[in-house]
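Asks: Could you look at this predicted model? Sequence included:
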Amino acid sequence: MNTIFEYLEWRGDLPVDKVPFNDVDAAILARFSYEPFDGIVPASFRQSVSVMQACHEMLNLPDLEKKVLVPKDDIRLIQLMSKSARFNKMKMSGFINDIDIERQTQFAAVVFELDGEGNYYVAYRGTDDTLIGWKEDLNMGFEFPVPGQVAALDYFESARMGLKEGTFIVGGHSKGGNLSIYASAFATCNCQDSILAIYNFDGPGFTEDLMLREQYLAIESKIHTYVPQFSVVGMILEHMEQYSVVSSNGAGIMQHELLTWEVNKDGFVCLDTVDKESRFIDHTLKDWIGSLSMEERSSFVDTVYRLLTSGDKKSVTQFGENKIGTANALLKTYSSLDDKTKRALRETFFKLVKSAGNTFTQKR
């Protein structure tokens, strides 16, 4: 199965002025936005570095393996991007990486100038390894807008003002896809007119109420949504827009990783529908979320986050570092919860089990 890595080897020598920018290119830049650009890519939209220069500086970082999501794959991606004539001359600017525990947000974005002629790609990073980033994702089930969505809109309008006049493609993976749609929908009319396309790669949807608003309807035709055959994150909330299902060589939830998606020389290898396990989870989660009040959703997310951050945990990675210590911290924190909170947590989990049973019965 051919993936983004093979695509970079096949098409890496073809600049975008020779072969037009396509959906796979958009996915590559969305995935590349996860790399550690701190101190390498300028925060200003008036200053920039090339992709090649950024890659060289990252490859020289002594602790690069600790700063990326999947060391083996990320280092290979950075190496291929540095050599690719299709990408390495693109200019990068406006990098921001903001993690705020108090505001419960994790937000990162960067701009790529595609061809030196005022055509830009605004890439919003999805959820990283931080627990606060995952909590913000869950907050979308009862809070609107979340701080990351507000930041995404501010960022896009700042980029529109700070860069020379041109056209924009906006995209992101996971939460970044959701932010791309939100920022595009609620941007001013002048900003919307400059948007050519919006990419959402396996990102959460929105509530039906939001998708019926005129702001969303104004940009709906520009949205390109892709999910893998086993999609969980991308099936959260609702999607009014059409979406394409991509073949992946990942196992289960690991298909969320863009580097596992199957490609050919011109685009993704698509299937007719997501698989039955994905549909089961989708229907179960929607039934479960629909059975909870906004107050119950908020209470459940806050309680789970409190449990997960017990023992001063701040990232998903830390759970694997001291399993016994983590388990003890979880039990200690759970024991400290008051009876009302414990009861609410049990009742919410019971509703999840009930929703799974309802879905199973309906599918028989």
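Replies: Cool, got the structure. Please read these numbers as outputs of a predicted model, since none were measured by experiment.

Asks: Now do the helices in the stretch 51-200 of the chain.
Replies: In the stretch 51-200 of the chain, the segments counted as helices under DSSP state H, counting those that start in this stretch are 51-59, 64-67, 71-83, 131-139, 147-162, 175-186, 189-193.

Asks: Tell me which of the ones you listed sits most buried.
Replies: helix 175-186 (a mean of 28; mean count of other Cβ atoms under 10 Å). C-beta here means a position set from N, CA and C on the backbone, and glycine is covered the same way.

Asks: How many neighbouring residues does the closest residue to Tyr334 other than its chain neighbours have?
Replies: The shortest distance from Tyr334 to any residue other than its chain neighbours is 6.2 Å, reached at Leu307 (Cβ to Cβ, 6 or more residues apart in numbering). The number of residues packed near Leu307 is 16, by other Cβ atoms under 10 Å.

Asks: Leu307 in helix, strand or coil?
Replies: Under DSSP: H, G, I helix; E, B strand; the rest coil, Leu307 falls in the helix class.

Asks: what's the answer for the one 3 residues further on, then?
Replies: In terms of secondary structure, Ser310 is coil; the call rests on three-state DSSP.

Asks: Without its sequence neighbours, what residue ends up closest to it?
Replies: Distances taken as Cβ to Cβ, 6+ apart place Thr333 nearest to Ser310, at 3.7 Å, with adjacent residues excluded.

Asks: Next: Lys67.
Replies: Per Cβ to Cβ, 6+ apart, closest to Lys67 is Pro36, 4.0 Å.

Asks: Look up how far Met294 lies from Lys135.
Replies: Here the criterion is Cβ to Cβ, to the nearest Å. By it, Lys135 lies 16 Å from Met294.

Asks: isn't Tyr305 right up against Glu136?
Replies: No - taking Cβ atoms under 8 Å as the definition, Tyr305 is not a contact partner of Glu136, at 10.1 Å.

Asks: hmm, back to that, export the helices of the stretch 51-200 of the chain to TSV and tack on distance to Gln255 and mean pLDDT?
Replies: Listed next are those as TSV, based on distance: least, Cβ to Cβ, whole Å; pLDDT from 0 to 100:
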stretch	distance to Gln255	mean pLDDT
helix 51-59	26	98
helix 64-67	24	94
helix 71-83	14	97
helix 131-139	17	71
helix 147-162	23	94
helix 175-186	15	95
helix 189-193	32	81
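
Asks: Relative to Gln229, which of those helices is closest?
Replies: Among these, helix 175-186 comes nearest to Gln229, with 17.1 Å by Cβ to Cβ.

Asks: what packs against that closest one?
Replies: Packing contacts for helix 175-186, counted by 3 or more Cβ pairs under 8 Å, 6 or more residues apart in numbering; DSSP states H and E, involve strand 119-124, helix 131-139, helix 147-162, strand 167-173, strand 195-201, helix 214-219.

Asks: average pLDDT for the first one?
Replies: Just to be clear, that refers to strand 119-124. Strand 119-124 carries an average pLDDT of 98.

Asks: That one pairs with which strands, parallel or anti?
Replies: Here strand 119-124 is paired, per DSSP bridges, with strand 105-113 (antiparallel), strand 167-173 (parallel).

Asks: got the CA coordinates for that strand in CSV?
Replies: This file holds the C-alpha atoms of strand 119-124, laid out as CSV (Å, rounded to 0.1, in the frame of the first residue of the first chain):
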residue,chain,number,x,y,z
ASN,A,119,-1.2,31.7,-2.8
TYR,A,120,-1.3,30.5,0.8
TYR,A,121,-2.1,27.4,2.9
VAL,A,122,-3.2,28.1,6.5
ALA,A,123,-2.6,24.9,8.5
TYR,A,124,-4.2,24.4,11.8
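
Asks: which other residues reach it?
Replies: Applying Cβ atoms under 8 Å, 6 or more residues apart in numbering, the external contacts of strand 119-124 come out as 21, 26, 29-30, 32-33, 108-114, 152, 155-156, 159, 163, 166-172, 175-177, 179-180, 183.

Asks: make it 7 Å
Replies: Strand 119-124 has contacts (Cβ atoms under 7 Å, 6 or more residues apart in numbering) with 29-30, 33, 109-114, 152, 156, 159, 163, 166-172, 176, 179-180.

Asks: Met92 is in contact with Leu114, correct?
Replies: No - the pair Leu114 and Met92 does not pass the contact test of Cβ atoms under 7 Å, sitting 11.0 Å apart.

Asks: So which of the helices of the stretch 51-200 of the chain is nearest Met211?
Replies: Closest to Met211 of the helices of the stretch 51-200 of the chain, according to Cβ to Cβ: helix 175-186, at 9.3 Å.

Asks: Show me how the protein divides into domains.
Replies: 4-274, 282-363 (automatic domain parsing).
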